[in-house]
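Enquirer: no sequence for this one, just the structure:
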Ligand SMILES: [Zn+2]
Ligand SMILES: [Zn+2]
């Protein structure tokens, strides 16, 4: 029981340290720096529980497939860096809700996935 709690806490800590979309192998790699015994099955099981508890959110990225992020209240978008393959969270939204859809339509949600190079990979 104690060990399970430590593993779950390690996974939550990974999301606190890396505020971006993470794949299962990334979560395992970072998590095993905290709890060395962390294996893939454990990561899957804990992620499932954290998603069910509403603490972690599953995101289906059009290019990268299933990723996970810490549940955030505010609306945001994702930026995929083609250089380092990380997916960063971009806070806020440049789209105003009116005028995107034709008159009479009711907009309920949108997802935007941007890609390019992050500041480090662009060489600034
Ligand atoms: Zn990059
Ligand atoms: Zn938006």
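Expert: Cool, got the structure. Bear in mind the structure is a predicted one, so any value in this text is a computation, not a measurement. Ligands and ions are numbered 1, 2, ... in the order given.
Enquirer: can you give me the strands for this structure?
Expert: Counting by DSSP state E, the chain has strands at residues 20-21, 56-61, 65-70, 76-81, 87-91, 113-116.
Enquirer: was I right to think residue 57 contacts residue 66?
Expert: No - applying Cβ atoms under 8 Å, one finds residue 57 not in contact with residue 66, separated by 11.3 Å. For every residue, glycine as well, the C-beta is placed using N, CA and C.
Enquirer: using TSV, please lay out the strands of the chain together with distance to ligand 2.
Expert: Below are those laid out as TSV (distance: least, Cβ to the ion, whole Å):
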stretch	distance to ligand 2
strand 20-21	16
strand 56-61	14
strand 65-70	15
strand 76-81	6
strand 87-91	9
strand 113-116	11
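Enquirer: can the ones you listed go into TSV with extra columns for mean pLDDT and mean neighbour count?
Expert: Output for the strands of the chain, formatted as TSV (pLDDT from 0 to 100; neighbours: other Cβ atoms under 10 Å):
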stretch	mean pLDDT	mean neighbour count
strand 20-21	94	20
strand 56-61	95	15
strand 65-70	96	17
strand 76-81	95	18
strand 87-91	92	16
strand 113-116	96	13
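Enquirer: just so I know, which of these lies nearest residue 5?
Expert: strand 56-61 (16.2 Å; Cβ to Cβ).
Enquirer: remind me, longest helix of the chain?
Expert: helix 2-17 (DSSP state H).
Enquirer: burial check on residue 118, number of neighbours?
Expert: Residues near residue 118, counting by other Cβ atoms under 10 Å, number 16.
Enquirer: and the chain, which residues reach ligand 1?
Expert: 81, 83-84, 118, 121 (Cβ under 5 Å from the ion).
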